[in-house]
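In: Kindly generate the corresponding structure for this input.
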Amino acid sequence: MNFSENSNPIRWIIIFISFLIISIILWNTYTFFQIFKNEERLKMKLWATAEKTLINAGENTEVDLPLQIFSNNTTIPLILTENDSIINTVNIDETIIKDKRKAKEYLNELKNENEPIKIIYAPGRSQELYYGDSSLIDKLKYYPIALSLIIILFAILIYNFYQSNKMATQNKLWAGMAKETAHQIGTPLSSLIGWLEILKLDNIEESTTIEIEKDIERLQTITERFSKIGSEPKLENKDIIQETKQSYDYLISRFSNQIEFTFKAPQKPIYVLLNPTLHSWTIENLVKNAIDAMKGRGKLSLEMQEDNHHIKINVTDTGSGIPKKEFHRIFETGFTTKKRGWGLGLSLTKRIVEEYHKGSIKVLHSDMGKGTTMQISLKKA
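Out: I've put the predicted structure just below:
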């Protein structure tokens, strides 16, 4: 068993360990946060005790320790109140203290942060100590959020890597299968060409040999298409009107007369950098999909329009239509609405148009039960 066979469980073990380590860090951060919160509350209780000592201090009372406790608090903001009136503040901006409205708002914030400490310094007389979190606690408060964002980004990166790796593997597989198919077709095709020459020598009716020759040429075109999958095709400066019409006319002659075909295009050459073989495949896939959507009966039109920079090819059918939620899904590898089929046609078409010809393809519009218009847009040369 090689590494590739073990790579999937190893990948998941690494992912699990990574998430476990991050979870431990998060838990420790939460634990430290609670420890610091408790320590700060103890400091505030000491501060409250020192305040009570000073209030009740007599002439001979030692006040050095309470004063030292006061001076040691340089980070925790606090407000001391009596009968809901602010009587003292520590570590709070002077602009807040001077503005009564801001001071009241800040006091309400402190009430929500921590439970107040009550200082009873005489029967029936007390003060309330409200305090906030120190700068250290504030930093620790946002640390888990930052770490959670890192986890999310980490998960997204893993997912993207996994998807890219999976897609690359699939592309290699399809490319290999396509090239092998082209190779396998090539052998009987060579034999058919030889037999065709023999038929011509035997003076077989010319119309028969012409049709056989057309089908052999078709097989050669299919072989060429498959051989180009996975490799960079050669683009040529071609008249797209002529190339599209040629492919469209061939398809018209091969389908039932229960379909009404129409073709509309500018009456002039329009040049585009394209690969004729792959472009023909694109037109064929769109036309065949449209015919399948109409179940072999209806109207199918191909219209070509140009603007300043682009030529657009609209293929419109009167078929069953496509739900809006599936406008993007129909281009995914493996997606199909047919009982039989691999779901490769539109996926290959999208790749030919976007990756090889640097164009775009989309569902221009579709109405359920009325039909669909697919649009290809290519840049003019």
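
In: Every contact and neighbour count from this point should use C-alpha atoms.
Out: Noted.

In: what about residue 16, neighbour count?
Out: 12 (other CA atoms under 10 Å).

In: following the host helix or strand of it, which helix or strand comes up?
Out: Following DSSP states H and E, one finds residue 16 within helix 3-55. Next along the chain after helix 3-55, taking DSSP H and E as the criterion, comes helix 64-72.

In: Only alpha carbons, please: show that following helix as CSV.
Out: Extracted in CSV, the C-alpha atoms of helix 64-72 (Å, rounded to 0.1, in the frame of the first residue of the first chain):
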residue,chain,number,x,y,z
ASP,A,64,-0.4,53.5,55.0
LEU,A,65,-1.7,50.1,53.8
PRO,A,66,-5.0,51.4,52.4
LEU,A,67,-3.2,54.2,50.6
GLN,A,68,-0.8,51.8,49.2
ILE,A,69,-3.7,49.6,47.9
PHE,A,70,-5.2,52.7,46.2
SER,A,71,-1.9,53.7,44.5
ASN,A,72,-1.4,50.1,43.2
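
In: elements contacting the helix or strand just after it?
Out: Downstream of helix 64-72, the next assigned helix or strand under DSSP H and E is strand 78-82. Counting contacts by 3 or more CA pairs under 8 Å, 6 or more residues apart in numbering; DSSP states H and E, strand 78-82 is packed against strand 85-90, strand 125-131.

In: deepest of these, which one?
Out: Of the helices and strands packed on strand 78-82, the one with the most neighbours on average (mean count of other CA atoms under 10 Å) is strand 125-131, at a mean of 20.

In: Tell me which other helices or strands it touches.
Out: strand 78-82, helix 100-113, strand 117-122.

In: try it again with 10 Å
Out: Using 3 or more CA pairs under 10 Å, 6 or more residues apart in numbering; DSSP states H and E, the elements in contact with strand 125-131 are helix 3-55, strand 78-82, strand 85-90, helix 100-113, strand 117-122.

In: That strand pairs with which strands, parallel or anti?
Out: The pairing partners recorded for strand 125-131 under DSSP bridges are strand 78-82 (antiparallel), strand 117-122 (antiparallel).

In: What lies in contact with that strand?
Out: By CA atoms under 10 Å, 6 or more residues apart in numbering, the surrounding residues in contact with strand 125-131 are 40-41, 44-45, 47-48, 51-52, 76-90, 107-121.

In: Buried subset of these as a PyMOL selection?
Out: Buried residues within the contacts of strand 125-131, by 16 or more other CA atoms under 10 Å, are selected in PyMOL with:
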select buried, resi 40+41+44+45+47+48+51+52+76+77+78+79+80+81+86+89+90+107+110+111+116+117+119+121
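
In: Next, the buried residues of the helix or strand hosting residue 292.
Out: Per DSSP H and E: residue 292 is located in helix 276-293. Residues of helix 276-293 classed as buried under the neighbour-count rule (16+ other CA under 10 Å) are 276-287, 289-291, 293.

In: how many degrees apart are the helix or strand hosting residue 166 and helix 3-55 in direction?
Out: In this structure, residue 166 is located in helix 135-201 according to DSSP H and E. Put simply, helix 135-201 runs at 160 degrees to helix 3-55, going by axes from the mean of the first three to the mean of the last three CA atoms, to 10 degrees.

In: Residue 145: which of the helices and strands packed on strand 78-82 is closest?
Out: Residue 145 lies closest to strand 125-131 among the helices and strands packed on strand 78-82, at 23.6 Å (CA to CA).

In: now the angle from that closest one to strand 85-90?
Out: 50 degrees.

In: Could you export strand 125-131 as PDB, CA atoms only?
Out: What follows is strand 125-131 as a C-alpha-only set of coordinates in PDB (Å, rounded to 0.1, in the frame of the first residue of the first chain):
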ATOM      1  CA  ARG A 125     -24.900  53.800  55.400                       C
ATOM      2  CA  SER A 126     -23.200  52.200  52.400                       C
ATOM      3  CA  GLN A 127     -21.400  52.800  49.200                       C
ATOM      4  CA  GLU A 128     -21.400  50.800  45.900                       C
ATOM      5  CA  LEU A 129     -18.100  50.100  44.100                       C
ATOM      6  CA  TYR A 130     -18.600  49.600  40.300                       C
ATOM      7  CA  TYR A 131     -15.600  48.500  38.300                       C
END
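
In: 555 is where my numbering starts, stick with that
Out: Understood, numbering begins at 555; the last thing we discussed is strand 679-685.

In: average model confidence for it?
Out: Mean pLDDT, computed over strand 679-685, is 87.

In: contacting residues around the closest residue to residue 867 other than its chain neighbours?
Out: In space, and not counting its chain neighbours, residue 867 is closest to residue 858: 4.6 Å by CA to CA, 6 or more residues apart in numbering. Going by CA under 10 Å, 6+ apart, residue 858 touches 794-795, 798, 817-820, 865-869, 929-931.

In: and residue 858, which of the three is it?
Out: State at residue 858, reduced to three classes by DSSP: H, G, I helix; E, B strand; the rest coil: strand.

In: thought residue 777 was touching residue 739?
Out: Yes. Using CA atoms under 10 Å, residue 777 is in contact with residue 739, at 6.7 Å.
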